[in-house]
Structure formats: structure tokens, C-alpha cells
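Q: Quick one, fold the following:
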Amino acid sequence: MGNIHTFDSHIRTRFGVIDASIDAATLETAEYVDMANYDLVEFECYASNVTSASYLTLKIWQATSTAGAASVSMTHASASVVSTATHATALHAMVCQVRGEDLSAGYRYVGAQVAANASVAALVCIGIHQLRARYKQATLPA
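A: You can find the predicted model right below:
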């Protein structure tokens, strides 16, 4: 019997936010994704035109709804990048991931925020990848 699952059954990918400028601001994903049926969620942030000596920080936040209600930062899940004069126009990438067991009690949604210092005016996008789909079984196999 062949594999009855498709790629989309196990991995769900979409853009969380795209913005032309993050100058002295915090960008947040448009939605907080539900981890009820996925064991792992990964956020990828890409930024270009980051000015010299500037930095960006990507953090995962947990929440109680898709709108980000009662959101709390997950300090262990963060990444940052600092631009130097030689990389001022390069493409920078940051990746963070969270597992279902990393969430605090009462939380099941996750989103990401990317923050910058005052001198950054970068093009930024965040991608969301929900990985390792799981499905509830009515009974366990013998």
C-alpha cells in the first residue's frame, strides 16, 4: 500500500508578515498559529538593507488565541543578527523554533515578533512553518 499522506498533510507554510520598514518598531506575525495538531513550529525571518551597526531580534511568543491574547515571550526561543559595514545590504536570516512541550500551561498558540533598534529601516518578512503534524487516534494499536 502506498503512502496516503500528502506533503500538505504534514507541513503547513505561510507568510506571517511582510513589511517595507521596521524602523524603531516591532513587527508581529499577522496570526498566532495553533499547535494542537503540530509538534513543531518554526519561524524564519529574512531582512535586507539592514544599516551598519544595527540589529534585529526575532522572538517567539505564546498566546491563548489566534489573535495573540495574553501573549508572553518565550525567552529561550530567540535569534538576533547584527549588521556590519561590509554586510549592510546583505540578506540576513534568523530562525527560531518551538515544540509543543515548550509551551506554558494554558497556552497553545504561537507567533513571532521581530524588533529593531532605532537606526534600522530594513525590508522584513517572517515565514511560519508548522511541522510534524499529528492526529488523534480513537484507540491505540494493540
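
Q: low pLDDT regions in the protein?
A: 1-10, 24, 84-89, 118-119, 134-142 (pLDDT under 70).

Q: Any idea how many residues pack against the closest residue in space to Asp39 that isn't next to it in sequence?
A: Nearest residue to Asp39 in three dimensions, chain neighbours excluded: Arg132, at 4.0 Å (Cβ to Cβ, 6 or more residues apart in numbering). The way it works is simple: take the backbone N, C-alpha and C, and place the C-beta from them, glycine included. The number of residues packed near Arg132 is 13, by other Cβ atoms under 10 Å.

Q: is it true that Arg132 touches Asn37?
A: No: at 9.7 Å, Arg132 does not count as touching Asn37 under the criterion of Cβ atoms under 8 Å.

Q: Closest to the centroid, which residue in the chain?
A: The centroid of the chain falls nearest to Phe43 when counting by Cα atoms, centre = their mean (2.6 Å).

Q: Quick check: closest non-adjacent residue to that one.
A: Spatial nearest neighbour of Phe43, chain neighbours left out: Ala112 (4.1 Å); criterion: Cβ to Cβ, 6+ apart.

Q: Same check on Arg99?
A: Leu40 (5.6 Å).

Q: how near is that neighbour to Ile11?
A: Distance, Leu40 to Ile11, using Cβ to Cβ, to the nearest Å: 10 Å.

Q: Overlap in contacts, those two.
A: Common neighbours of Leu40 and Ile11 (criterion: Cβ atoms under 8 Å, 6 or more residues apart in numbering): Gln130, Leu131.

Q: quick one, helices of the chain?
A: Taking DSSP state H, the helices of the chain run over residues 7-10.

Q: Tell me if I'm right that Ser73 and Trp61 touch.
A: Yes: between Ser73 and Trp61 there is a contact under Cβ under 8 Å: 5.4 Å.

Q: Please enumerate the shared neighbours of these two.
A: Joint contacts of Ser73 and Trp61 (Cβ under 8 Å, 6+ apart) are Gln113.
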